[in-house]
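# here is my input; please provide its structure:
(one chain, ligands or ions: 1)
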Amino acid sequence: MTGPIEIVRTVADLRARVAGWHADGETVAMVPTMGAIHDGHMALVRQARTLADRVVASIFVNPLQFGQNEDFNAYPRGEARDAALLAEAGAVLLFAPNAAEMYPDGFATTVHVGGLTDGLCGTSRPTHFDGVATVVAKLLLQCGPDVAIFGEKDYQQLLVIKRLVRDLDIPVEIVGGAIVRENDGLALSSRNAYLSAKEREAAPLLHTAIRQAAAEVAAGQTIELALESARAAIEAAGFRIDYLEVRDPKTLELLSGTVGEARILVAAFLGKTRLIDNVPVPPQA
Ligand code: AMP
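Below you'll find the predicted structure:
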């Protein structure tokens, strides 16, 4: 469905729209984003359309989830273009609050999800998941959707949000969306815009290497040997690896030896740009 999209900037307006739909017996899906909309976000909106009558997208570049030396100021922003793409994918309402609406003077609450946030991105970005959990808890409570969609691209984040919702009894179903990739395998990301032409050429190797490792582990190779080859290939392509690990797909427990089901997760810098990706074991067809 393509139609106009209404933009609201206050929690009160958001609540009024959603309450109206619920009063009419309609279901509501939410797709939170930080903008810089690409096909990955649009796929989540399309998926949301299949799950609910109305889709609300949000755009908020959340300062709390960026570290001090990260790219909060440089993060790409362009609301008019983003709103048009979200409308094209089928969203009817865009919640785009400013920082004062989200974090009014005196704001003093942090949501911390334990356990799942300990390794992977939680190690290299120590304040990141508190920022994510806090803003996602707020967005879900502000909107009150029946279902909310988050991408598997941020696999650890998806599990953290499922845990958060269960632990705080937030009445919403969390659904994961498959990773949307370029033809050469590079996962779509707003941060791909930072890559130079030469870096962009090297970038798909990250996915190729973890997919290869997933195939090897699925064929009975040990995790240690499969990761050794993947690490060498990723470094040879010019990346500096932040982490490259094989974990339990539900608990994120670190795995070793031979396994049946798992998730391979990687974060690596290409120049100044940090890219993340993940694939299942066994690999998808
Ligand atoms: P972001 O705007 O980067 O915070 O992402 C907003 C939502 O889109 C998150 O749930 C992400 O996991 C999801 N997302 C980002 N990139 C992709 C992608 N390539 N495929 C699927 N979902 C994605």
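
# my guess is residue 6 contacts residue 16. True?
No: applying CB atoms under 8 Å, one finds residue 6 not in contact with residue 16, separated by 11.3 Å. For glycine as for every other residue, the C-beta is placed from the backbone atoms N, C-alpha and C.

# of the two, who's got more company?
Set side by side, residue 6 and residue 16 show more neighbours around residue 6, with 15 against 11, by other CB atoms under 10 Å.

# from the ligand, how far out is the more buried one?
20 Å (CB to the nearest ligand atom, to the nearest Å).

# what bridges to that residue?
For residue 6, the beta-bridge partners are residue 93 (DSSP bridges).

# from residue 181, how far out is it?
As judged by CB to CB, to the nearest Å, residue 6 and residue 181 stand 31 Å apart.

# find the nearest non-adjacent residue to the residue of the stretch 151-285 of the chain with the smallest separation from the ligand, please.
For the stretch 151-285 of the chain, the residue closest to the ligand is residue 151, as judged by CB to the nearest ligand atom, at 2.4 Å. Among residues not flanking residue 151 along the chain, residue 177 sits closest, at 4.8 Å (CB to CB, 6 or more residues apart in numbering).

# and what of residue 255?
residue 246 is the one closest to residue 255 (CB to CB, 6+ apart), at 4.9 Å.

# circling back to that earlier point, ok, the residue of the stretch 151-285 of the chain closest to the ligand to residue 157 distance?
Distance, residue 151 to residue 157, using CB to CB: 8 Å.

# what's the residue of the stretch 151-285 of the chain closest to the ligand sitting at in phi/psi?
The phi and psi values for residue 151, taken as degrees, to the nearest 10, are phi -80, psi 150.

# does it touch residue 175 like I think?
No: counting by CB under 8 Å, residue 175 is not a contact partner of residue 151; they are 10.4 Å apart.

# about what we covered before: next, the residue nearest to residue 255: secondary structure please.
Classification of residue 246 by DSSP: H, G, I helix; E, B strand; the rest coil places it in strand.

# any idea what it is bridged to?
Beta-bridge partners, per DSSP bridges, of residue 246: residue 264.
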